[in-house]
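Enquirer: just a sequence and a predicted model for now, questions to come.
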Amino acid sequence: MPDPEMIDRANDVIDRLFALDETVTNAWAFRALLEDLHARDLSSIREPHVTAITMVRAGIVRGAIGTVMACLDTEDWRGNRASVGQILDLLRDVRLVVVFPEPGKSPALGTAALDRAKRDYSALLTNDLLARGRRIRNEMVAHTLIPNDPTPTVTYDTIYTLHDATTQLVSDLYQVCYRGTPRFIEQRPMLIEHARIFWDTYIAGIRSM
């Protein structure tokens, strides 16, 4: 019978994973709004509406950067994050990994998924894209700092690439915990549709003025 302490620790990991999944979903919502907007022909839009759309887009971009980078945060000494790094830190104890499968099931699938997640996250930590995303989050979104070196610019593709990496990491962590597939996968089509409805409504209102 599994150690009650190990069960409690496993449940803690699962709770954090569900919270992380929800943050990934929020990032999909921001991304869907940006991708839908950028796919539209806005050449007929004139001032003051161009500035109004730019203001809305700026808020969405800040939300996208903040949520994606929160997902990819490393572990914190206080242990209070629901991030990829914090969850991987909790999973360093190999005894914990074998608690997740149902009785009689092999932990091999979860172990392989954990190895992939560790490898990919370690590679990401040394990637310049993550460093640039982290700096713009820390210096311009989470805080307002005046750094010695200019804050790097971050393209939309950078945000999307980091988000894609996050979705794969979370999918692997779901396999580690034997929880099926993340909820953001089934919610993505709905988020895309709602983004379309939002901009349809917003732009229709502009054109009716």
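Expert: Now that the structure is in, tell me what you want to look at. This one's a predicted model, so the numbers in the text were calculated from it and none came from an experiment.

Enquirer: quick check: longest helix of the protein.
Expert: helix 4-38 (DSSP state H).

Enquirer: what comes up buried for that helix?
Expert: 9-10, 13-14, 16-17, 20-34, 36-37 (16 or more other C-beta atoms under 10 Å). C-betas here are computed from N, CA, C, even on glycine.

Enquirer: same deal with stretch 64-84?
Expert: Buried, per 16+ other C-beta under 10 Å, within stretch 64-84: 64-73, 75, 81-84.

Enquirer: now that stretch: average pLDDT?
Expert: For stretch 64-84, mean pLDDT rounds to 94.

Enquirer: and it, how far out from the chain's middle?
Expert: Computed by C-alpha atoms, centre = their mean, to the nearest Å, the chain-centroid distance of stretch 64-84 equals 9 Å.

Enquirer: do the same with stretch 169-188
Expert: Put simply, stretch 169-188 sits 12 Å off its chain's centre (C-alpha atoms, centre = their mean).

Enquirer: then it to CSV, C-alphas only?
Expert: The C-alpha coordinates for stretch 169-188 follow below in CSV (Å, rounded to 0.1, in the frame of the first residue of the first chain):
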residue,chain,number,x,y,z
LEU,A,169,5.7,20.2,-21.4
VAL,A,170,2.3,20.2,-19.7
SER,A,171,1.1,17.4,-22.0
ASP,A,172,4.2,15.3,-20.8
LEU,A,173,3.5,16.2,-17.2
TYR,A,174,-0.1,14.9,-17.6
GLN,A,175,1.4,11.6,-18.8
VAL,A,176,3.7,11.6,-15.8
CYS,A,177,0.7,11.9,-13.5
TYR,A,178,-1.5,9.5,-15.6
ARG,A,179,-4.2,12.2,-15.9
GLY,A,180,-5.0,11.7,-19.6
THR,A,181,-4.8,14.8,-21.8
PRO,A,182,-4.7,18.5,-20.6
ARG,A,183,-8.0,20.4,-20.5
PHE,A,184,-6.6,23.2,-22.7
ILE,A,185,-6.6,20.8,-25.7
GLU,A,186,-10.4,20.5,-25.7
GLN,A,187,-10.9,24.1,-24.8
ARG,A,188,-8.7,25.6,-27.6
